[in-house]
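J.: okay, sequence plus prediction incoming.
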Amino acid sequence: MSSTRVLESRQHAYEVLAALRDRIETTPWRGERGRTALRVLRAHLTFAEIAGGPLHHASERQTAEEAGISRTTLRVVYETVLKPHGWLRRLRAGHGREGSTWYITDGNAAPHSSPASLSRFRTTQYPPDPALGEWPTRETGAAADIDSTVIGRLMGHDAFAHHGLGSSALMIIGALHARPAQTIAELVGSSSVSRATAYRTLRRLADHGLVHHSAETWSLAPRALEGFGRSLLDAVTDEITEPAQGWDSVAKRHGTTGIAARRKALHAAERAAYREELDRHAEHRSRAVVIVRDGRQILIPPPRPDEIPPAWHAPGGRVLDPVTGRAAPDWWIATDGRLILITPADQRSYDELAAAHAEALSEWESAA
């Protein structure tokens with residue numbers, strides 16, 4: 001696993017991110033899972049560029065919205081592609097209103113590799129399970145060559161949702177923008193898709209007038225990156241093509257309009273519920289004690305569990321009885337500073353409860 005590198009200046013940080021972008025653009029992202037992983041990694045690269053270095057902050061919901069995928073799919077590619085292959089490391093789980101802290105690296109490259117080793121001719125990353133994607137062939141074994149900036153700009157739109165044009169269209173568009181006028185054989189290598197996927201995707205793009213071919217080569221239409229196509233006399237199908245009038249019209253034809261908006265609304269509701277629970281948890285107080293003195297009722301608000309006077313603390317997490325000066329037999333101070341009561345009827349020891357608390361806290365933070 002690559003270690004974090006020391007950035008000497010802002011210019012050095014830009015050079016590192018530029019080399020990383022080149023590495024991403026020349027890595028074959030095979031299969032549907034690989035192409036989805038590219039979308040997630042491109043989202044993190046965008047966050048890193050905004051942060052000014054590989055170290056950046058991002059929540060699951062924020063990344064899913066940027067990549068144009070669901071949180072479930074996001075977690076799958078985190079655990080099966082990006083983390084195992086060293087592209088991303090989560091240094092700190094998000095908590096409260098703060099997203100997780102991430103560090104983006106160059107995959108399987110050596111920890112101290114120079115920018116020269118990140119050239120367009122050396123790449124080693126593969127999806128972990130070919131059965132879930134496409135089998136590598138001699139055609140798809142060549143170095144990829146895509147424009148990830150274009151992919152990053154388009155991937156969050158409804159037109160490229162799972163049931164729309166999809167990730168394969170992003171790869172084809174990114175490859176043709178990086179190098180126009182490619183044959184099918186060249187596209188198979190540069191976009192890391194199979195020949196069948198390339199034909200199917202090009203036909204779909206041609207139906208919208210977003211690509212055109214001359215002889216054996218394919219190119220993007222003049223305004224394809226804005227989602228505007230044009231009708232072609234040499235269409236690849238016998239169907240009547242309808243030139244696209246923007247990405248919204250493409251999404252409408254595929255029935256994917258509103259997916260991104262619904263996803264954002266769901267995430268907003270989840271964030272609101274999570275923050276409400278945090279506020280309710282932070283404002284929790286124990287009931288005050290009522291005593292009668294001289295015929296009057298007096299309210300004595302007890303200290304919050306995390307505001308126990310230092311004089312009550314005893315070694316080993318025990319609690320001193322302020323009256324007797326001895327350790328209370330059943331009371332302990334948990335690892336987060338709060339009081340816990342362990343009676344003979346409890347099945348777990350103090351150490352077991354401390355371990356359970358640490359596990360529960362980790363799960364709670366991961367929900368951020």
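T.: Thanks, I have the structure now.

J.: show me the contacts for Ala198.
T.: 172, 184, 187-188, 191 (C-beta atoms under 8 Å, 6 or more residues apart in numbering). From N, CA and C alone the C-beta is placed, and that goes for glycine too.

J.: report the buried members of these.
T.: Among the contacts of Ala198, those classed as buried by 16 or more other C-beta atoms under 10 Å are 172, 187-188, 191.

J.: residues contacting Trp87?
T.: Neighbours of Trp87 in contact, by C-beta under 8 Å, 6+ apart: 37, 41, 81, 104-107, 125.

J.: quick check: longest helix of this structure.
T.: Criterion DSSP state H: the longest helix present in the chain is helix 259-282.

J.: now the buried ones among the contacts of Ala198 in TSV, with secondary structure and distance to Leu339?
T.: Below are these laid out as TSV (DSSP: H, G, I helix; E, B strand; the rest coil; distance: C-beta to C-beta, whole Å):
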residue	secondary structure	distance to Leu339
Ile172	helix	61
Leu187	helix	66
Val188	helix	65
Ser191	coil	60
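
J.: just among the contacts of Trp87, which is most surrounded?
T.: Top of the contacts of Trp87 by neighbour number is Ala37, holding 29 neighbours under the definition other C-beta atoms under 10 Å.

J.: dump the residue contacts of it.
T.: If a contact means C-beta under 8 Å, 6+ apart, then Ala37 has 29, 77, 81-82, 87, 127 as its contacts.

J.: quick one: average pLDDT of the lengthiest strand in the chain?
T.: Ranked by residue count and defined by DSSP state E, the top strand of the chain is strand 327-333. The average of the pLDDT scores along strand 327-333 is 79.

J.: could you do stretch 310-321 as well?
T.: Mean predicted confidence for stretch 310-321 is 78.

J.: again with stretch 221-234
T.: 79.

J.: could I have the CA atoms of it written out in PDB?
T.: Provided in PDB are the C-alpha atoms of stretch 221-234 (Å, rounded to 0.1, in the frame of the first residue of the first chain):
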ATOM      1  CA  ALA A 221     -20.600  15.100 -33.500                       C
ATOM      2  CA  PRO A 222     -19.600  18.800 -33.200                       C
ATOM      3  CA  ARG A 223     -21.800  19.600 -30.200                       C
ATOM      4  CA  ALA A 224     -22.000  16.100 -28.700                       C
ATOM      5  CA  LEU A 225     -20.500  17.100 -25.400                       C
ATOM      6  CA  GLU A 226     -23.500  19.400 -24.800                       C
ATOM      7  CA  GLY A 227     -25.900  16.500 -25.800                       C
ATOM      8  CA  PHE A 228     -26.800  17.900 -29.200                       C
ATOM      9  CA  GLY A 229     -26.800  15.600 -32.100                       C
ATOM     10  CA  ARG A 230     -27.600  15.800 -35.800                       C
ATOM     11  CA  SER A 231     -29.300  13.500 -38.300                       C
ATOM     12  CA  LEU A 232     -26.900  11.500 -40.500                       C
ATOM     13  CA  LEU A 233     -27.300  10.100 -44.000                       C
ATOM     14  CA  ASP A 234     -25.000   7.200 -43.200                       C
END
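
J.: need the residues that contact that stretch.
T.: Contacts of stretch 221-234 (C-beta under 8 Å, 6+ apart): 150, 153-154, 159, 173, 177, 205-206, 208-214, 241, 243-250.

J.: going by residue numbers, what spans are strands in the stretch 1-150 of the chain?
T.: Assigned by DSSP state E, counting those that start in this stretch, the stretch 1-150 of the chain shows strands spanning 55-58, 88-92, 100-104.

J.: sheet partners, orientation included, of the shortest one?
T.: What it means is strand 55-58. If you go by DSSP bridges, strand 55-58 pairs up with strand 100-104 (antiparallel).

J.: mind checking how far the partner strand is from the chain centre?
T.: 10 Å (C-alpha atoms, centre = their mean, to the nearest Å).
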